[in-house]
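**Student:** I would like to see how this sequence folds:
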Amino acid sequence: MARTQPEVTTSAGDRPRPRHLPVAFTAVELADRLWAPRQRVVRERTVPFLYGQMEKIGTIEALDVTKPPGPLAFPYRKNNTSTSVMYWDSDIAKWIETASYTLATCPDAALEALIDDVVARIAKAQEPDGYFNSFFQRREPAKKWTNLRDWHELYCLGHMIEAAVAHTQATGKTNLLDLVCRQVDLVARLFGPGEGQRRGYCGHEEIELALVKLYRLTGERRYLELARYFIDERGRQPHYFDIEARARGADPADYWYSTYHYNQSHVPVREQDRVVGHAVRAMYLYCAMADLAAETGDSGLLAGCLPAAVGRSQRQAPLRHRRARPQRAQRGLHHRLRSAQRDRIRRDLRLGWPGVLGAPHGAARERRPLWRCHGTGALQQRAERPVARR
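**Tutor:** Reported below is the predicted structural model:
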């Protein structure tokens with residue numbers, strides 16, 4: 001759903017046009033037979049289960065960065081020397097965001113107190129300059145910001161931004177928002193086109209769309225400009241991932257995936273005209289591009305890769321055919337598939353399975369007709385049909 005708002009300020013040469021924004025989740029109540037029961041399951045079962053799992057594997061305990069690190073819960077992968085423990089902060093952020101969504105419609109004092117406890121732990125761990133990442137603070141403090149290509153520091157921050165925005169919208173509290181803004185201000189000082197700044201960006205897109213959300217909540221234009229920088233810097237030469245690899249003593253040619261198509265940084269985004277690489281990263285990027293275009297009127301962001309992601313016409317949709325891996329669409333948009341695998345992909349996409357990840361996420365964005373495609377349509381059809389009882 002989207003609503004039309006006053007005309008947005010545009011770039012030179014662009015015509016003013018209406019600004020489209022998604023309806024706030026705090027203004028929506030689901031009472032149907034498809035989504036309402038699923039929302040209840042998330043509230044009653046999923047949220048407490050996820051918190052229990054984070055306690056079980058040590059995600060919550062890891063927030064205490066003053067404790068010496070114990071044995072690594074999950075080993076390093078051989079291909080890119082990363083471990084899923086590096087991404088634990090994003091799991092916490094996703095849990096806070098999910099829990100905040102439930103609080104908007106069903107207030108729960110105990111759950112709100114639990115979120116506040118987690119936020120207090122983050123506040124205690126945050127460094128004076130605003131930096132927070134439990135893995136690097138606790139295990140690898142000398143390696144902060146040394147591998148944006150693989151290690152997801154900005155990705156984790158992006159999810160924490162989304163969590164803070166949702167938490168503030170749902171509860172009116174700013175305790176997490178204040179912490180997040182401090183770290184974003186640190187990132188804005190470190191990265192950018194200015195003298196003495198690093199021209200870096202994250203290998204896993206996420207922070208870009210999160211910054212637009214932060215701008216919409218706070219009205220601070222610098223957050224929108226930081227999102228614009230991350231999008232426009234992606235893929236420019238000399239390539240930042242080559243620069244940082246050499247700086248840490250690695251050979252850029254030893255990149256475990258061998259090509260920057262994987263993270264959509266093979267060329268600048270405005271020059272990309274086909275969908276490539278990791279599916280989730282791509283969808284985060286396209287959503288951020290659409291959001292930024294909606295806020296700035298930058299039609300150039302809508303001219304290339306974004307239409308290619310969903311098809312320039314009703315008959316052309318690259319995501320619908322050979323750009324996903326069967327049963328693992330969240331891992332990548334891969335090729336070299338057998339005929340039977342391609343048939344399975346087409347069937348799954350018609351049913352809306354991988355579309356759950358991307359198409360609905362983009363459906364509320366600018367130029368909505370472009371996104372009115374396969375996964376979203378299938379979900380809409382399911383929602384309109386009576387739910388069969390077994």
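
**Student:** which intervals of the stretch 1-150 of the chain have sub-threshold pLDDT?
**Tutor:** 1-20 (pLDDT under 70).

**Student:** ranges for the strands of it?
**Tutor:** Per DSSP state E, counting those that start in this stretch, the stretch 1-150 of the chain carries strands over the ranges 2-7, 18-22.

**Student:** where are the low-confidence patches of the stretch 201-350 of the chain?
**Tutor:** Looking at the stretch 201-350 of the chain by pLDDT under 70, you get 304-350.

**Student:** residue contacts, K143?
**Tutor:** F136, W151 (C-beta atoms under 8 Å, 6 or more residues apart in numbering). All C-beta spots, glycine's among them, are computed from the backbone N, C-alpha and C.

**Student:** Is R274 in a helix, a strand, or coil?
**Tutor:** For R274, the assignment made with DSSP: H, G, I helix; E, B strand; the rest coil gives coil.

**Student:** ok, now which ones touch the spatially closest residue to S134 that is not a sequence neighbour?
**Tutor:** Closest residue to S134 apart from its sequence neighbours, by C-beta to C-beta, 6 or more residues apart in numbering: A62 at 4.7 Å. Counting by C-beta under 8 Å, 6+ apart, A62 touches V85, W88, S134, F135, R138.

**Student:** Put together JSON lines for those residues, with distance to V269 and neighbour count on each row.
**Tutor:** Output for these, formatted as JSON lines (distance: C-beta to C-beta, whole Å; neighbours: other C-beta atoms under 10 Å):
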{"residue": "V85", "distance to V269": "30", "neighbour count": "21"}
{"residue": "W88", "distance to V269": "29", "neighbour count": "23"}
{"residue": "S134", "distance to V269": "31", "neighbour count": "24"}
{"residue": "F135", "distance to V269": "28", "neighbour count": "21"}
{"residue": "R138", "distance to V269": "34", "neighbour count": "19"}
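
**Student:** And the helices in the stretch 51-200 of the chain, which stretches?
**Tutor:** Ranges of helices within the stretch 51-200 of the chain are 88-105, 109-125, 134-138, 153-171, 175-190, based on DSSP state H, counting those that start in this stretch.

**Student:** Can you check which of these gets nearest to L224?
**Tutor:** Closest of the helices of the stretch 51-200 of the chain to L224 is helix 175-190, at 11.3 Å (criterion: C-beta to C-beta).

**Student:** for the helix or strand following the closest one, the distance to its chain's centre please.
**Tutor:** Remark: after helix 175-190, the chain's next helix or strand is helix 207-218, criterion DSSP states H and E. What separates the centre of helix 207-218 from the centre of its chain is 11 Å, taken as C-alpha atoms, centre = their mean, to the nearest Å.

**Student:** Quick one: list the elements packing against helix 207-218.
**Tutor:** Applying 3 or more C-beta pairs under 8 Å, 6 or more residues apart in numbering; DSSP states H and E, we find helix 207-218 packed against helix 153-171, helix 175-190, helix 221-233, helix 279-296.

**Student:** and with 10 Å instead?
**Tutor:** strand 18-22, helix 153-171, helix 175-190, helix 221-233, helix 279-296 (3 or more C-beta pairs under 10 Å, 6 or more residues apart in numbering; DSSP states H and E).

**Student:** nearest to A250, of these?
**Tutor:** Here helix 153-171 is closest among the helices and strands packed on helix 207-218 (C-beta to C-beta), at 17.1 Å.

**Student:** Give the buried residues for the closest one.
**Tutor:** 153-171 (16 or more other C-beta atoms under 10 Å).

**Student:** Also stretch 262-280?
**Tutor:** So for stretch 262-280, counting by 16+ other C-beta under 10 Å, buried means 262-270, 272, 275-280.

**Student:** isn't N80 right up against N147?
**Tutor:** Yes - N80 is within contact range of N147, at 9.0 Å (criterion: C-beta atoms under 10 Å).

**Student:** how about the closest residue to M289 other than its chain neighbours, secondary structure?
**Tutor:** Once flanking residues are discounted, M289 sits nearest to L301: 4.5 Å by C-beta to C-beta, 6+ apart. Of the three states, L301 takes helix under three-state DSSP.
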